[in-house]
Each structure stands twice: as C-alpha cells, then as structure tokens.
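>>> My questions are about this predicted structure, shown below with the sequence.
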Amino acid sequence: MTLIDVQTPGNSRTIAQGSGEKWTVQTDLQPISLQVRQAPRHRAGGFTLIELSVVLFILTLLFAGALTPLTQQLAERQNTQTRRNLEAVQSALIGYALSHRDADGHPYLPCPDLRQPLAGGTANDGREDRKPDGGCLGPTGNSPWISLGVPETDAWGNHFTYAVSPAYAHSGHGMSLRPASQAELRICLDRDCATHMQAAAVLISHGRNGLGAINQIGRMNQAATAADEQENTDGDLRFVYRPPAALGRPGGEFDDLGLVLSAEYLLGRLCGPEMGC
Ligand SMILES: [Ca+2]
Ligand SMILES: [Ca+2]
Ligand SMILES: [Ca+2]
C-alpha cells in the first residue's frame, strides 16, 4: 500500500491512499507539499518461502529415510507370512494323501479348484474339482483351501495356484514310482525350460504384484506381462521357479514364490515298502 501525505501549517494528514492504478483522493484540502512513501511491510506468517522450502526439503528427507525401512519390513513380513501359508498348504496336501487311498491302498493328492468354469465342477469355490472317473477336471487351478482346511490366500489376498501331475491325483489309481500317465509336471529355471525337474505337485504364490492370480473375490487380476510369470499362469503343466528379479532383467519382473513337491519326497512320506507304490 502506498500513502500520500499532505503538509499544512501545523498539520499533517493522509489525503490519498491506494496501490497500483486504484487510488482514493480527498480533494477538499489545499496541499502544500506532497510526499509519497511506502507503508511498512509486515513479515507474514513468521517464515519466508525460502525458509518453508528448506523445512519441507528436510522433512521429505526424514520421511523418506523412515519409510524405506518400514516398506522393507512390511515386504519381509508379507513374504514370511506367505511362505508359512505355503508350508501349511503343503502339510495339508500330505494330510489329505494320508487319508485318501485307492483300492490298493495307494495314496493320492487332491485335485485343484478350477479357475475357470467347466462342466462338472465349480470354479473358485475352494473345493477340489474331480471327474466321476476319479481324475481331475483340470491339472492346474487354485489350492482347494476349503477341501484342505488351510489359509485361503497369500499375504497379498490372492489365491495360491496349485498344479498336480495327473498320475498323483487320480483316486482310481494312487501314487506310484512308475505312473501310468505320461503327463509331466515340469519345474523350469525359465520359460525356455532347457533345464527342468519333474514334480508331483507345485504351489505358487503370485507374489506382491499378484499378476495373473485369482483374487479373494474370485476374479482374475491383471495378466502377467513378464515371460516367466506368464508361464506360471497359463494353465499348463510347466512352471518357472527362480529367484526374484526386478523389471528390466532377463525374463522380466519375477516375484512369484513357490513350493515344489517331488515324487520322491511324497512317496518317501506316504508309501512304505509294504505298500508297493
Ligand atoms: Ca471347485
Ligand atoms: Ca508375480
Ligand atoms: Ca505354464
């Protein structure tokens, strides 16, 4: 605000005030002299913009430093919880096989819970889907969490994918070292699968990104984009199990967690020599 003072003998008073192009002028006075002066500026709010910028910058650094360890701790807790859940499902698979045997006394594993609707089964209801002849409606699907009585999801709220070799889940002919079925469940180091191992069953958590998983309301999440993660969601009997990798690495981002059950492990746990598996 700019003020204009007028000086008269023995008196001084302001006759005009304003700023920019807007002014108010009292015209009934006869000015002797005019003086233009600036009204004193007051410090607003106690801080200048520069001071506020410095404070915000320091707070940003402090928050970033505090949040990074918290984020890492949360990720570690979620990974640990998911691995515990995977182990609980594995124990339940063993328990299921101990209590389910074919006519010759050979144990067999549960079938997956379908991820997609198929005649003869119900998708995403937590119950295994088996054909009348004893075979599985599909060799891959969700972990049948209700049939097994285990945690439904991983720490990110997505269902585990479960795949089982048809030779190890048929209720008409249980497990054998020399299965009749030639279908192989393969665990590979990458999508090319130049190196692989055979497995009786595999459990997969689709990790923090959850891509390609069935979520808790029975819907499929956004599809996986990286080649190796796609291999774990395409519904066949080939899976990738490898260390995690960030975006831009060969094979793309990979955060899936897995647990593999080999035939030797299962037969060692479930079939004594007297059972003739
Ligand atoms: Ca089902
Ligand atoms: Ca994933
Ligand atoms: Ca696959």
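Perfect, thanks for sending it. Ligands and ions are numbered 1, 2, ... in the order given.

>>> list the contacts for the residue in the stretch 1-150 of the chain that ligand 3 sits nearest to?
For the stretch 1-150 of the chain, the residue closest to ligand 3 is Thr140, as judged by CB to the ion, at 7.7 Å. For the C-beta atoms, the positions are set from N, CA and C on the backbone; glycine is no exception. Going by CB atoms under 8 Å, 6 or more residues apart in numbering, Thr140 touches 112, 115, 161-163, 235-237.

>>> Just give the closest residue to it, not the sequence neighbours.
What sits nearest to Thr140 in space, not counting adjacent residues and going by CB to CB, 6 or more residues apart in numbering, is Ala163, at 4.1 Å.

>>> hang on, that neighbour is in a strand, isn't it?
Yes - looking at Ala163 with DSSP: H, G, I helix; E, B strand; the rest coil, it is inside a strand.

>>> Does it touch Thr233 like I think?
No - judged on CB atoms under 8 Å, Ala163 makes no contact with Thr233 at a distance of 11.1 Å.

>>> More neighbours: these two, which one.
Neighbours per residue, other CB atoms under 10 Å: of Ala163 and Thr233, the larger number sits with Ala163, 25 against 22.

>>> OK, contacts around the more buried one?
Contacts for Ala163 (CB under 8 Å, 6+ apart) come out as 112, 139-141, 185, 201-202, 204, 237, 239.

>>> Up against ligand 3, what does this structure have?
231, 234, 236, 238 (CB under 5 Å from the ion).

>>> Among the residues you listed, name the ones in helices.
The helices, defined by DSSP state H, take in Glu231 from these.

>>> May I ask which of the residues of the chain next to ligand 3 has the most neighbours?
Result: Glu231 is most packed of the residues of the chain next to ligand 3 (other CB under 10 Å), 23 neighbours.

>>> any idea which of the residues of the chain next to ligand 3 is closest to ligand 2?
Glu231 (11.1 Å).

>>> contacting residues around the closest one?
188, 191, 238-240.

>>> Let's see that with 7 Å instead.
Counting by CB atoms under 7 Å, 6 or more residues apart in numbering, Glu231 touches 191, 238-240.

>>> Make TSV out of the residues you listed and add pLDDT.
Formatted as TSV, the contacts of Glu231 follow (pLDDT from 0 to 100):
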residue	pLDDT
Arg191	89
Arg238	96
Phe239	97
Val240	96
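
>>> Tell me which two in these are the farthest apart.
Arg191 and Phe239 (10.1 Å; CB to CB).
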